[in-house]
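Undergrad: here's a sequence, model it:
(one chain, ligands or ions: 2)
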Amino acid sequence: MGAYADIYQGWKNDPEAFWMGAAEAIDWSKKPSKAYFPDEGPYGHWFADGLCNTCYNAVDRHVEAGRADQNALIYDSPITGSQRSYTYGQLKAEVEALAAVLLDRGVTKGDRVIIYMPMVPEAAFAMLACARIGAVHSVVFGGFAAKELATRIDDCAAKCIISASCGIEPGRVIAYKPLLDQAIELSSNKPESTVNLQRDELSCERIEGRDFDYTGEVARHREAGTEVSCVDLKSTDPLYILYTSGTTGQPKGVVRDNGGHMVALQWTMKNIYGVDPGEVFWAASDVGWVVGHSYIVYAPLIAGNTTILFEGKPVGTPDAGTFWRVIADHKVAVLFTAPTAFRAIKKEDPEGALIDDYDVSQFRMLFLAGERADPDTIHWAERVLKTPVIDHWWQTETGWTIAGNPTGIELMPIKYGSPTVAMPGYDIQVLSDEGEEMSHGELGNVVVKLPLPPSCFPTLWNAEARMREAYLDEFPGYYKTADAGIMDEDGYLFIMARTDDIINVAGHRLSTGGMEEVIAEHPDVAECAVIGITDKLKGQLPAGFLILNAGVDRPIPEIQSEVVKLVREKIGPVAAFKIAVPVARLPKTRSGKILRATMQKVVDGEQFEAPATIDDPAILDEIRASWKEHAG
Ligand code: COA
Ligand code: AMP
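TA: Residues are numbered from 1 along each chain as shown. Ligands and ions are numbered 1, 2, ... in the order given. Below is the predicted model:
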């Protein structure tokens, strides 16, 4: 057997020993007596009687162990033309001072704090400051609109919100404060206070008594040398809530705990990514997504690496050589990003010529996740970088790789189109809709045998019944990933598509159901369907099909632009919703279910067979014709 197979089998034979071994790499204030506690929560809990603190493991322990002068975080912002770096010692000072500010605001263990910030180091400080005092953070991506922010404020009943005056996108400065004020206005569970970081590009007004100045408050505590110790938390206490798209407009609050999360993430840094403490690791994502939580902030810091926080885009800030410049400037060993970033670079610089301007000799490997990595993009990246390019598959719910290539254990042969094999902790199976095991090579529902390993969500925030219904009920004894895929005879997995109405736009997970709910609010729309169509750059793009109310005789382009504006206002620019096509009818089954998958095939020009249950096959021709007329 190879090294991976040995380790995977070792985990299968004795998961308890495997995870207790991995837990040795974490500093506990009280060591857990065992790894798995089967009788707690929907499928059990991990390290339940252990006490620990995630901020201590990500920051303080490195300072105590002699890494105080090593860079912990490098902020590289081509969009503002600035760079800053923080050693572990400086990181501790920043985090401790901000933790003191939160305590001043009455935030204590178990309180929820929303972080609505652009890609600035203070976003990471805020996450760690919450972790330090046991407050539960919930980071909301800056590309979401006020209404989405309000939904999250209400769901987690945030006591405080940490935000910034603005975010910066190419060509425009986005004022965050009006969005924040509007969200608070819309919410029924209003936070007691907000802490605002004033940025040079645009400052904001504060409301006396409610809004506090980040910089001034932090400086006061830093100068006073206020000490805030890391509180002991139960391993199972929540570290954060991260909202992700469900099939409706109500997002799911994925909960992450402290102990299991640390154990799993620490294990991944060497075993999956092959990096040692002290090396530079860069996840080019956003702190608003799970990749940002796990691999910009927590994993590299827990493992004692230097992490890069990049505020920019792969292209246009200033050009398609930016990634190579960052790799060269900061001696990045490993980069993790979404395939769409490389498709964007490839589009601008098809030959990859810009890399010749930089010394990237210390770069070892590229990891891709967030959406299917198409073989074309992988081949191109391999050719340009001259290093292995590794696809790996995971979800917000897991927080780390389900299937991947454990390069620190052994670089497994790459099969293009496959994220490789199951990681220890995950017993992946492919089942038919009836729950029967499929043969190798057959497409089915990808599921994971329970229990899920450490770091995976123990539940949804205040929604345990929804957790069971969405993930556990359909295939008893298994976690439903809602991805469809194939396992080959070598145990390599191929992820093909979602089995629900989630689409993946530029590596961002979006709910078509959520968009439909918004579009249905338009007074001229009687019914609608949103599908994900294939897009060369972003993987998928949402497209809306609208049946207008009888008698509507306004110009169609006017209605189309109103619908586009409505989605942007209610969900946010991140939805990238720009296509709205009027149709006379929508294809449905005889029982009234809209045939979204068939519509997508019609629009993408793929081969398909009309489902036997279709009410009227002629509607598919109408869809094709409307598409050609309005969007094709
Ligand atoms: N705040 C406000 N608006 C934001 C935003 C933020 N933090 N992030 C994105 N947006 C806006 C964009 O400006 C864009 O607005 P527009 O419609 O006015 O142009 C819209 O949301 C869609 O954004 P995006 O899908 O990111 O498209 P883009 O054209 O700006 O960039 C890529 C395309 C491929 C370059 C970019 O998506 C990317 O770098 N992706 C790879 C990395 C990544 O983030 N992966 C996520 C998970 S790993
Ligand atoms: P998110 O929760 O936003 O990380 O999105 C998770 C979803 O993205 C998965 O359920 C998949 O549909 C998709 N996904 C993530 N990584 C991959 C990958 N490597 N290959 C194929 N699909 C992926």
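Undergrad: list the contacts of the top helix by length along the chain.
TA: Counting by DSSP state H, the longest helix found in the chain is helix 88-104. Outside helix 88-104, the residues that touch it by Cβ atoms under 8 Å, 6 or more residues apart in numbering are 55, 59-60, 62-63, 67-73, 86, 113, 121-122, 125-126, 128-130, 132-133, 135, 160, 195, 212, 214, 217-219, 221-222, 226-228, 301. Heads up, the C-betas are built off the backbone N, CA and C, glycines and all.
Undergrad: return the set of buried residues in it.
TA: Going by neighbour count (16 or more other Cβ atoms under 10 Å), the buried part of helix 88-104 is 88, 90-103.
Undergrad: average pLDDT for it?
TA: For helix 88-104, the mean pLDDT works out to 98.
Undergrad: now do the strands in the stretch 201-350 of the chain.
TA: 211-213, 233-234, 238-244, 252-257, 280-283, 306-310, 332-337 (DSSP state E, counting those that start in this stretch).
Undergrad: relative to ligand 1, which of those is closest?
TA: Shortest distance between ligand 1 and these, using Cβ to the nearest ligand atom, is found for strand 332-337: 5.3 Å.
Undergrad: who in the stretch 451-600 of the chain is up against ligand 1?
TA: Residues of the stretch 451-600 of the chain lying close to ligand 1 (Cβ under 6 Å from any ligand atom) are 505, 506, 507, 508, 573, 574, 576.
Undergrad: so how far is residue 166 from the second one?
TA: It refers to residue 506. To residue 166, residue 506 is 22 Å away according to Cβ to Cβ, to the nearest Å.
Undergrad: got the end-to-end distance for stretch 398-407?
TA: 20 Å (Cα to Cα, to the nearest Å).
Undergrad: what's the mean pLDDT across it?
TA: Mean predicted lDDT for stretch 398-407 stands at 98.
Undergrad: quick one: is it near ligand 1?
TA: No - for stretch 398-407, no contact with ligand 1 is found by Cβ under 6 Å from any ligand atom; the gap never falls below 13.1 Å.
Undergrad: how far does that stretch sit from its chain's centre?
TA: Remark: stretch 398-407 is offset 14 Å from the chain centroid, using Cα atoms, centre = their mean, to the nearest Å.
Undergrad: do that stretch and ligand 2 meet at all?
TA: No - Stretch 398-407 does not reach ligand 2 (Cβ under 6 Å from any ligand atom); its nearest approach is 7.9 Å.
Undergrad: just give the nearest non-adjacent residue to the residue in the stretch 1-150 of the chain that ligand 2 sits nearest to, would you?
TA: Residue nearest to ligand 2 within the stretch 1-150 of the chain: residue 141 (10.6 Å; Cβ to the nearest ligand atom). Of all residues not flanking residue 141 in the chain, residue 288 sits nearest, at 2.8 Å (Cβ to Cβ, 6 or more residues apart in numbering).
Undergrad: can you tell me which residues contact the one you found?
TA: 139, 140, 141, 142, 143, 144.
Undergrad: got phi/psi on the first one?
TA: For residue 139, the backbone dihedrals (degrees, to the nearest 10) come out as phi -90, psi 130.
Undergrad: which ones among the contacts of helix 88-104 lie within strands?
TA: Of the contacts of helix 88-104, the ones assigned to strands by DSSP state E are 71, 72, 73, 86, 113, 160, 195, 212.
Undergrad: quick check: residues of this structure near ligand 2?
TA: 244, 290, 369-373, 391-396, 419, 481, 483, 495, 498, 504, 509.
Undergrad: what sits against residue 583?
TA: Neighbouring residues of residue 583 by Cβ under 8 Å, 6+ apart: 545, 546, 547, 622, 623, 626.
Undergrad: let's see that with 6 Å instead.
TA: Shown in contact with residue 583 (Cβ atoms under 6 Å, 6 or more residues apart in numbering): 545, 626.
Undergrad: next one: stretch 321-333, is it in contact with ligand 1?
TA: No - if you take Cβ under 6 Å from any ligand atom as the test, stretch 321-333 misses ligand 1, and the best it gets is 9.8 Å.
Undergrad: for the record, mean pLDDT for that stretch?
TA: Computed over stretch 321-333, the average pLDDT equals 98.
Undergrad: now that stretch - C-alpha only, CSV.
TA: The C-alpha coordinates for stretch 321-333 follow below in CSV (Å, rounded to 0.1, in the frame of the first residue of the first chain):
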residue,chain,number,x,y,z
GLY,A,321,0.6,39.3,-13.6
THR,A,322,-0.6,40.3,-10.1
PHE,A,323,-0.7,36.8,-8.8
TRP,A,324,2.9,36.1,-10.0
ARG,A,325,4.0,39.4,-8.4
VAL,A,326,2.6,38.5,-5.0
ILE,A,327,4.1,35.0,-5.2
ALA,A,328,7.5,36.5,-6.0
ASP,A,329,7.4,39.4,-3.5
HIS,A,330,6.4,37.4,-0.5
LYS,A,331,8.0,34.0,-1.4
VAL,A,332,4.7,32.2,-1.4
ALA,A,333,5.2,28.4,-1.3
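Undergrad: show me what counts as buried in it.
TA: For stretch 321-333, by 16+ other Cβ under 10 Å, it's 321, 322, 323, 324, 325, 326, 327, 328, 330, 332, 333.
Undergrad: report how many residues lie close to the closest residue to residue 22 other than its chain neighbours.
TA: Counting by Cβ to Cβ, 6+ apart, the nearest residue to residue 22 once its immediate chain neighbours are dropped is residue 267, at 4.6 Å. Per other Cβ atoms under 10 Å, the neighbour tally for residue 267 reads 27.
Undergrad: doesn't residue 21 make contact with residue 267?
TA: No - if you go by Cβ atoms under 6 Å, residue 267 and residue 21 don't touch, sitting 9.3 Å apart.
Undergrad: any idea which element the nearest residue to residue 290 once chain neighbours are set aside lies in?
TA: Of all residues not flanking residue 290 in the chain, residue 396 sits nearest, at 4.2 Å (Cβ to Cβ, 6+ apart). Secondary structure assignment for residue 396, by DSSP states H and E: no helix or strand.
Undergrad: follow-up on the earlier one: the buried residues of helix 88-104: which two are farthest apart?
TA: Pairwise distances across those peak at 22.2 Å for 88 and 103 (criterion: Cβ to Cβ).
Undergrad: so how far is residue 248 from residue 519?
TA: Counting by Cβ to Cβ - residue 519 and residue 248 are separated by 14 Å.
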